[in-house]
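# my questions concern the predicted model and sequence given below.
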Amino acid sequence: MDIDKRNRVIGLFLWVVIIGLGYVLFDSIWSPYQEVLEQRREQQEVRDRMESLRDALIAYERANEEFPEDLDQLIEFLQTDSLMVARRDSLFADGFTNGFNLDQFTYSPRPPGNRFEYARNDTLRPQIYLLTDPDSEDRIGSLERTTMLNASNWD
């Protein structure tokens, strides 16, 4: 093997190594970035769903002058109130990527899909509630401070 042939083989080998290392570098930047984007999208879906739930809780409170005892009572209201039946698809669709689904309304879109936690404090006036996502620190409202009524912790 003469020196020119050997230099071409070494040059070709080095180009393959450079391209391989370039791909590894690109992937080491791109993959974590995609994971961050997915986490942000998931977080936004959860927050949109929680905001839709907040809107439903406000509608319930306006119609009944108190907040529901639990989320099942809210779902029953959304199923039986004629105004809510007529308008719920347009009012609450923001929390859903594939259209409004009443069966999934009180569940987090974040895997594993746990149900949102809800509690109300009816000993204070005005009544207040706390809506939390069990898989994150996101919450709306407070059980102690009336100034936090309908306020989210991410705004």
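Here it is on my side, so go on.
# only C-alpha atoms from now on, for both contacts and neighbour counts.
Noted.
# and residue 128, backbone torsions?
Main-chain torsions, residue 128, degrees, to the nearest 10: phi -130, psi 160.
# that one is in contact with residue 151, isn't it?
No: using Cα atoms under 8 Å, residue 128 is not in contact with residue 151; the gap is 10.7 Å.
# between those two, point out the one with more neighbours.
residue 128 (23 against 16; other Cα atoms under 10 Å).
# which ones are touching that one?
67, 120, 121, 122, 141, 142, 143, 144, 145, 146, 149 (Cα atoms under 8 Å, 6 or more residues apart in numbering).
# mind redoing it with 6 Å?
120, 121, 149 (Cα atoms under 6 Å, 6 or more residues apart in numbering).
# please identify the helix or strand for the spatially most central residue of the chain.
Centroid check for the chain by Cα atoms, centre = their mean gives residue 46 as the closest residue, at 1.7 Å. In this structure, residue 46 sits in helix 3-64 according to DSSP states H and E.
# same question for that helix, mean pLDDT?
Here helix 3-64 scores 93 as its mean pLDDT.
# other SSEs contacting it?
Helices and strands touching helix 3-64, as assessed by 3 or more Cα pairs under 6 Å, 6 or more residues apart in numbering; DSSP states H and E, are absent.
# following the chain onward from it, which element is next?
According to DSSP H and E, the helix or strand after helix 3-64 is helix 71-80.
# now the angle from that next one to helix 3-64?
Angle of helix 71-80 versus helix 3-64, following axes from the mean of the first three to the mean of the last three Cα atoms, to 10 degrees, is 80 degrees.
# now helix 71-80: buried residues?
71, 74, 75, 77, 78 (16 or more other Cα atoms under 10 Å).
# same check, this time on stretch 117-134
Applying 16+ other Cα under 10 Å to stretch 117-134 flags 117, 118, 119, 120, 121, 127, 128, 129, 130, 131, 132, 133 as buried.
# just these: which are in strands?
Of those, the ones assigned to strands by DSSP state E are 117, 118, 119, 120, 121, 128, 129, 130, 131, 132.
# beta partners for the nearest residue to residue 69 once chain neighbours are set aside?
Nearest residue to residue 69, sequence neighbours excluded (Cα to Cα, 6 or more residues apart in numbering): residue 120, at 6.9 Å. In this structure, residue 120 bridges to residue 129 when assessed by DSSP bridges.
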